[in-house]
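Asks: Need coordinates for the below:
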Amino acid sequence: MDTAEQVQELVAAVQSLTLEVQNMKSENTVIRQLVSTRDHHPSDLPPMALSSGKFDGSPEKLKEFMEACIVHFAFRASACGSEHTQVGFMISNLASNTLAWAAPLVSSNNPVLHDYKAFLNLLKQTFERPKIMYGTCEELLDVQQGTADLLSYITHFKSLAAEAGCLNRHNS
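Replies: Below you'll find the model as predicted:
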């Protein structure tokens with residue numbers, strides 16, 4: 001190959017590189033314009049862990065955990081806007097034993113993962129301390145057969161137990 005051909009190849013390569021550099025410069029200009037016009041807000045940041053720590057499943061900490069999540073969502077609305085993201089954030093703030101409870105929901109892609117209120121209800125059903133109606137429970141503890149026949153005693157006992165929600169818990 002003679003020197004003239006080599007020079008022509010080098011000129012063609014330089015022209016090709018020059019064209020590529022110009023394309024990159026114009027792409028870079030477009031990217032800079034997009035970045036400079038974008039509003040930056042703290043809420044654009046990805047969700048963070050709760051300062052109160054992860055929820056360990058104890059009933060007395062459930063309300064505090066849910067309230068901390070609500071406050072977090074309120075101040076980071078754009079980062080936690082969708083219900084799926086909110087549920088995911090809550091799951092990411094579960095401690096190991098409660099995370100083990102949520103794992104089957106995630107692995108089966110349970111529809112509750114896309115429904116914030118349904119997830120809260122499930123969380124409450126699972127970890128909230130059952131509400132006891134003391135008047136009915138006290139009555140239940142005081143039930144005595146006395147002079148009533150056995151069938152009347154059983155009927156009265158079952159009626160009070162149903163009011164207290166005892167039958168559903170123990171028969172399931």
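
Asks: Do I have it right that residue 89 meets residue 69?
Replies: Yes. Assessed by C-beta atoms under 8 Å, residue 89 is found in contact with residue 69 at 6.9 Å. Just so you know, the C-beta spots here come from the backbone N, C-alpha and C atoms, and that holds for glycine as well.

Asks: Would you mind writing the CA trace of stretch 25-32 as CSV?
Replies: These are the backbone C-alpha positions of stretch 25-32, laid out as CSV (Å, rounded to 0.1, in the frame of the first residue of the first chain):
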residue,chain,number,x,y,z
LYS,A,25,-21.8,16.5,21.5
SER,A,26,-25.4,17.0,20.4
GLU,A,27,-26.6,14.1,22.4
ASN,A,28,-24.8,15.5,25.4
THR,A,29,-26.4,18.9,24.9
VAL,A,30,-29.9,17.3,24.8
ILE,A,31,-29.1,15.3,28.0
ARG,A,32,-27.8,18.5,29.8
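
Asks: Just say helix, strand or coil for the nearest residue to residue 52 once chain neighbours are set aside.
Replies: Of all residues not flanking residue 52 in the chain, residue 68 sits nearest, at 5.0 Å (C-beta to C-beta, 6 or more residues apart in numbering). Reduced to three states with DSSP: H, G, I helix; E, B strand; the rest coil, the structure at residue 68 is helix.

Asks: Nice, that's everything, thank you.
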